[in-house]
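Asks: sequence first, then the predicted structure:
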Amino acid sequence: MVRPRRVGAKWQARAYAGDGKYRSLGTYLTYDEAYRTQMRHELGMESKREPKPQKSEAARGTVRFQKYAEDLLSSRKSQLARDTFHLYTFVLQKHLIPTFGTKRLSDITPAQVRSWWTRMPEGSARRNAYSLLGSTMRQAVMDGEIALSPCRVKGGATDVSKRRPTFAPADAKMLMELAGDSQLRLQVHVLLASGMRIGELLGLNRGDVDLSNNKVTVRRHLTRHELAPGTKGHPDQVRPLSMPQTAMDALREHLASTPGDYDDALFRDTRGGRMSYHTFNKKFVALRASCGLDELHIHDLRHVHASEYAKYATLAEGMARTGHTDVRSFMRYQHVSTQRDAEIIAAMEGVL
């Protein structure tokens, strides 16, 4: 079904009329009204216009930004990961409400948005805030509160920071060699060998390690707020990962030296509880500084693993390994190198 088309400040419902042409089913104040009209037409139902909503056109856009944005975010709570909801709430309260909170939606202008964006320091905070403001205003357009979004800063949510350095397996191995803490050394080893996210690593239980089949299974992940089922964004996902023998030998030694039950956390803090992200990160930051790798992030270990894995795996295999369901997310690990190009041609010798 074709989507409704914007016509000025309104939305036009359309139906296919044959020969590549469409006929109008009328114009409406909101996208949803036009879409419902098209849906009824597709289902063979009566296609006459819906009655106008109780809210008059003159009253649209008079709601204050703070109320609209908070209500919208609350309505999306069940659709968002808990960490994402908390991030959006923080961004809204910290960066958007102080400037736009008391303004009516219809009174927020492109010039005001541009001025606010210019005053904010460059970085992820500005990108996140502009992205949230943009999505809020787009929904306001869909709801018929405003005709056009005032968010028109070109590239406002684009990351313009300098390109981060890339790291190699040798960098990760240096971390392992210089780690004085045996548990931290093992954690770095498992991250490098598995490509897990840090939350997945900290969510492992002892029973998730299968020494007989050289596998570690991801069944849950630790967020900043709770131990959640599945993986980030996919609560039903269970991901068994084959592991290299060296990593399994290190895990076997760890299990033998740290008593515990099947359902106990694999990695614990000094009090015996499941290690938190904060505790791990504090140790990791100190370790990377001792190696002169201050720009290396925890997630870079996952990137190193996935980049190496992508050299030998198909796209589907790589996505299954890393837990990605979006092709574009995994494609960033498939770097092009002249060395790999030469290896491929050598393997094709005699075939072409």
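Replies: Yes, it's here.
Asks: what's the closest non-adjacent residue to Leu184?
Replies: The spatially closest residue to Leu184, leaving aside those adjacent along the chain, is Lys283, at 5.2 Å (Cβ to Cβ, 6 or more residues apart in numbering). Placement of C-beta: from N, CA and C, glycine included.
Asks: the one you found: neighbouring residues, count only.
Replies: The burial metric for Lys283, expressed as a neighbour count using other Cβ atoms under 10 Å, is 16.
Asks: so it is in which element?
Replies: Lys283 belongs to helix 277-290 when elements are defined using DSSP states H and E.
Asks: okay, buried residues for the next helix or strand after that helix please.
Replies: Using DSSP H and E, the next helix or strand after helix 277-290 towards the C-terminus is helix 298-310. Buried residues in helix 298-310, counted by 16 or more other Cβ atoms under 10 Å: 298, 300-307, 309-310.
Asks: which outside residues touch the helix or strand that helix 298-310 is followed by?
Replies: Proceeding N to C from helix 298-310, the next assigned helix or strand is helix 315-322, under DSSP H and E. Counting by Cβ atoms under 8 Å, 6 or more residues apart in numbering, the neighbours of helix 315-322 from elsewhere in the structure are 195, 239, 241, 302, 306, 309-310, 313, 324-325, 327, 330-331, 333-334.
Asks: how long is stretch 291-302 from one end to the other?
Replies: 18 Å (Cα to Cα, to the nearest Å).
Asks: what mean pLDDT would you report for it?
Replies: Averaged over stretch 291-302, pLDDT sits at 92.
Asks: can you check stretch 7-16 too?
Replies: 84.
Asks: residues making contact with that stretch?
Replies: 2, 4-6, 22-31, 33-35, 37-38, 41-42, 47, 147-148.
Asks: rerun at 6 Å
Replies: With Cβ atoms under 6 Å, 6 or more residues apart in numbering as the test, stretch 7-16 has contacts from 2, 4-5, 22-28, 31, 34, 37-38, 41, 147.
Asks: filter those down to just the buried residues.
Replies: With neighbours counted using 16+ other Cβ under 10 Å, the contacts of stretch 7-16 contain these buried positions: 4, 25-28, 31, 34, 37-38, 41.
Asks: would a markdown table of those with distance to Met176, secondary structure and pLDDT be doable?
Replies: Output for those, formatted as a markdown table (distance: Cβ to Cβ, whole Å; DSSP: H, G, I helix; E, B strand; the rest coil; pLDDT from 0 to 100):
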| residue | distance to Met176 | secondary structure | pLDDT |
| --- | --- | --- | --- |
| Pro4 | 56 | coil | 86 |
| Leu25 | 65 | strand | 87 |
| Gly26 | 67 | strand | 88 |
| Thr27 | 64 | strand | 88 |
| Tyr28 | 62 | strand | 87 |
| Tyr31 | 54 | helix | 80 |
| Ala34 | 59 | helix | 82 |
| Thr37 | 62 | helix | 83 |
| Gln38 | 59 | helix | 81 |
| His41 | 63 | helix | 78 |
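Asks: same list (those) but as a markdown table, adding distance to Lys77.
Replies: As requested, those are exported to a markdown table (distance: Cβ to Cβ, whole Å):
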| residue | distance to Lys77 |
| --- | --- |
| Pro4 | 27 |
| Leu25 | 34 |
| Gly26 | 35 |
| Thr27 | 33 |
| Tyr28 | 28 |
| Tyr31 | 23 |
| Ala34 | 27 |
| Thr37 | 30 |
| Gln38 | 29 |
| His41 | 33 |
